[in-house]
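Novice: Build me a model:
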Amino acid sequence: MQEYCSRGKETTRLRNERAIRSKPFNLIRDKKLIETTADDLRAVMKAGGAFTNHFLRCLYNLAIGLGWILSPIIPPKLWPKAEKRPKRSITGEEHQRIVQNENNAERRLYYELLWEIGAAQTDAANLTAANIEWDKRLLSYHRQKTGELCVLEIGPRLEALLKKLPSAGSLFPTVSQIRDAWRSAEFRRRCRLLRIEGVTLHSYRYAWAKRAKQLGMPARFAQGALGHASVAVHREYAREGVVICPSLEVYERKIVPLPGAGKQETIAAVQAVNA
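Specialist: Below is the predicted model of the structure:
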């Protein structure tokens, strides 16, 4: 466990340490590897869920890879599969209810920015005025988790939102000083009051990706905006520098067909935007 938590970036190490401190791992925490049985591992899985199963498998694979376990305790083909809880995106109607009922102005603007750019909660909270290039109308930042560069074009709606935020220093002075767990807890509290189930702050990323796909945005732009490492994005980096993602608002305005528009007109509009 100590070896596993010593690897990766600081944020990765902190996330692993939080996971390993969870109660299911108490069942094997003080047990020697050579004394660990398949029943012990299954007991940990039963006490936890998909989250516990993932980290237990990581610990197990590390022990195998380092030669600390000479033969598999549970053969890979027999490793139990844990059912993951379904994850979904937040809907536009749910988002509007949340911001309309949020009395804290800074948190309200924070949720609105998550809706506009689909950033991870910590990446959005850590944005500063230095991340905005008004002369080029670009918003850029590096993802804390992966280090991937995200560059988005600033559309009229995002511009109006950014104008409401501080012009120097942190865009969210208070939100940025709060731990990610506390930000998530506050969001869950708001959702419970509004009886909104099944969404987290990460649901804003799912929502952005879903909207981009529905509007026909090319995958390379969406991957670049969300900071997902991919062959397509790296190919674009090597050939033409960085991928600049057009404003999602532009796609909403250009692609959504007017009443009475035919199929050919809609296709032509999509092709024009993609070009």
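
Novice: Can you tell me how far the nearest residue to residue 88 once chain neighbours are set aside is from residue 108?
Specialist: When the adjacent residues along the chain are set aside, residue 88 lies closest to residue 198, with 5.6 Å between them (CB to CB, 6 or more residues apart in numbering). In this view, the C-beta of every residue, glycine as well, is placed from N, C-alpha and C. Residue 198 is 22 Å from residue 108, where distance means CB to CB, to the nearest Å.

Novice: Looking only at neighbour counts, state which of the two leads.
Specialist: Just comparing residue 198 and residue 108: by other CB atoms under 10 Å the higher neighbour count belongs to residue 108, 16 against 13.

Novice: Locate that one within the secondary structure: which element?
Specialist: Residue 108 is part of helix 105-117, with elements assigned from DSSP states H and E.

Novice: which of the residues in the following helix or strand past that helix are buried?
Specialist: Counting by DSSP H and E, the element after helix 105-117 in chain order, helix or strand, is helix 121-125. For helix 121-125, burial by neighbour count (16 or more other CB atoms under 10 Å) applies to 121-125.

Novice: Disregarding residues adjacent in the polypeptide, which is nearest to residue 111?
Specialist: In space, residue 111 is closest to residue 99, 5.4 Å off (CB to CB, 6+ apart).

Novice: wait, the one you found sits on residue 112?
Specialist: Yes: under the criterion of CB atoms under 8 Å, residue 99 makes contact with residue 112 at 5.9 Å.

Novice: Tell me which of those two has more neighbours.
Specialist: For the pair residue 99 and residue 112, the greater number of neighbours falls to residue 112 (20 against 16), based on other CB under 10 Å.

Novice: residues contacting the more buried one?
Specialist: Neighbouring residues of residue 112 by CB atoms under 8 Å, 6 or more residues apart in numbering: 99, 161.

Novice: try residue 45
Specialist: By CB under 8 Å, 6+ apart, the neighbours of residue 45 are 24, 52-53, 56, 80, 82.

Novice: what's near enough to touch residue 90?
Specialist: 199, 203-204, 206-207.

Novice: Angles on the backbone of it, please.
Specialist: Main-chain dihedrals, residue 90, degrees, to the nearest 10: phi -80, psi 140.

Novice: nearest spatial neighbour of it, skipping sequence neighbours?
Specialist: The nearest residue in space to residue 90 (CB to CB, 6+ apart) is residue 203, at 4.2 Å.

Novice: coming back round to it: I'd assumed the residue nearest to residue 88 was in a strand, is it?
Specialist: No: using DSSP: H, G, I helix; E, B strand; the rest coil, the assignment for residue 198 is coil, not a strand.

Novice: Can you name the residues that contact the spatially most central residue of the chain?
Specialist: Centroid check for the chain by CA atoms, centre = their mean gives residue 120 as the closest residue, at 4.4 Å. If you count contacts by CB under 8 Å, 6+ apart, residue 120 has them with 143-145, 202, 205, 227.

Novice: same question, residue 137
Specialist: If you count contacts by CB under 8 Å, 6+ apart, then residue 137 has 153-154, 159 around it.

Novice: one more time with 6 Å, if that's ok
Specialist: residue 154 (CB atoms under 6 Å, 6 or more residues apart in numbering).

Novice: ok, it to residue 166 distance?
Specialist: For residue 137 relative to residue 166 (CB to CB), the value is 19 Å.

Novice: Show me the contacts of residue 90 that map onto helices.
Specialist: Within these, residues falling in helices by DSSP state H are 203-204, 206-207.

Novice: chain center to stretch 213-232, what's the gap?
Specialist: On the basis of CA atoms, centre = their mean, to the nearest Å, stretch 213-232 sits 14 Å off its chain's mean C-alpha point.

Novice: May I see the buried residues of that stretch?
Specialist: 215-217, 220-228.
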